[in-house]
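Student: structural data only, the sequence is not supplied:
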């Protein structure tokens, strides 16, 4: 099916009369509702704001005239608008500043104590400290599926490395780091209360 001039004119006429895309598709035959909607948009007929029975050519001047009227109206109202931003600015300055954001720590600086570090059992931390002393200290490129991928240090410094010890089966970390990373569900539930 092609959009002949006669079919396009019939589409414009029916669209201007306020008929639905489904009704137009039935009348035209050989097109779907979506094809009618697509053609309407391509022709620039998609805005049916006004009365039924007017064609797009008749409807075009009215929106332009309406659009020009609001543009003229804001000129007298322009002095009133600056008052609104001042009120907004006053409310911003009158309210206390939002809670301080987390401080950005430059690379190479030690991180402050993290709340999660306090939640890990001391036994697990002792085990991790002992394991990290005998870690292989691998770089990213040296990691394999069989090496522990636990990161140690700040990635922005040359002292950054990965554990590298043999992994626990089915996990990305060694036994010590699995104990820190994967905690039992019950202990996590207890902390939330």
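Tutor: Looks like it arrived, so ask away. Since we're looking at a predicted model, the values are computed, not measured. Numbering: from 1, shown residues only.
Student: could you use CA atoms for every contact and neighbour count after this?
Tutor: Noted.
Student: can you give me the domain boundaries for the chain?
Tutor: Per the record, the chain has its domains at 5-70, 117-192, by automatic domain parsing.
Student: worst mean pLDDT among those domains?
Tutor: Among the domains of the chain, domain 5-70 has the lowest mean pLDDT, at a mean of 76.
Student: so for stretch 135-144, what gets flagged as buried?
Tutor: 135-138 (16 or more other Cα atoms under 10 Å).
Student: biggest separation within these, which pair?
Tutor: Pairwise distances across these peak at 8.4 Å for 135 and 138 (criterion: Cα to Cα).
Student: okay, and the common contacts of these two?
Tutor: Residues touching both residue 135 and residue 138 by Cα atoms under 8 Å, 6 or more residues apart in numbering: 163-164.
Student: mind giving me CSV with the buried residues of stretch 135-144 and columns for distance to residue 13 and secondary structure?
Tutor: As requested, the buried residues of stretch 135-144 are exported to CSV (distance: Cα to Cα, whole Å; DSSP: H, G, I helix; E, B strand; the rest coil):
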residue, distance to residue 13, secondary structure
135, 80, coil
136, 79, coil
137, 77, coil
138, 74, strand
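Student: could you dump the residues you listed to TSV with distance to residue 167?
Tutor: TSV is the format used below for the buried residues of stretch 135-144 (distance: Cα to Cα, whole Å):
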residue	distance to residue 167
135	12
136	12
137	14
138	14
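Student: which among these gets closest to residue 125?
Tutor: Nearest to residue 125 among the buried residues of stretch 135-144: residue 135, at 14.8 Å, using Cα to Cα.
Student: find the nearest non-adjacent residue to that closest one, please.
Tutor: Leaving aside its sequence neighbours, residue 135 sits nearest to residue 163 (Cα to Cα, 6 or more residues apart in numbering; 5.1 Å).
Student: my read is that that neighbour contacts residue 152, right?
Tutor: Yes. If you go by Cα atoms under 8 Å, residue 163 and residue 152 touch, sitting 7.1 Å apart.
Student: these two: which has the busier surroundings?
Tutor: residue 163 (25 against 13; other Cα atoms under 10 Å).
Student: which residues of this protein fall in strands?
Tutor: In the chain, the strands defined using DSSP state E lie at 151-152, 161-162.
Student: out of those, deepest packed?
Tutor: strand 161-162 (a mean of 20; mean count of other Cα atoms under 10 Å).
Student: run through who's touching it.
Tutor: Applying Cα under 8 Å, 6+ apart, the external contacts of strand 161-162 come out as 136-140, 143, 148-153, 155.
Student: redo those as a markdown table? Include distance to residue 21.
Tutor: Putting the contacts of strand 161-162 into a markdown table (distance: Cα to Cα, whole Å) gives the following:
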| residue | distance to residue 21 |
| --- | --- |
| 136 | 70 |
| 137 | 68 |
| 138 | 65 |
| 139 | 63 |
| 140 | 59 |
| 143 | 61 |
| 148 | 62 |
| 149 | 59 |
| 150 | 60 |
| 151 | 60 |
| 152 | 63 |
| 153 | 64 |
| 155 | 59 |
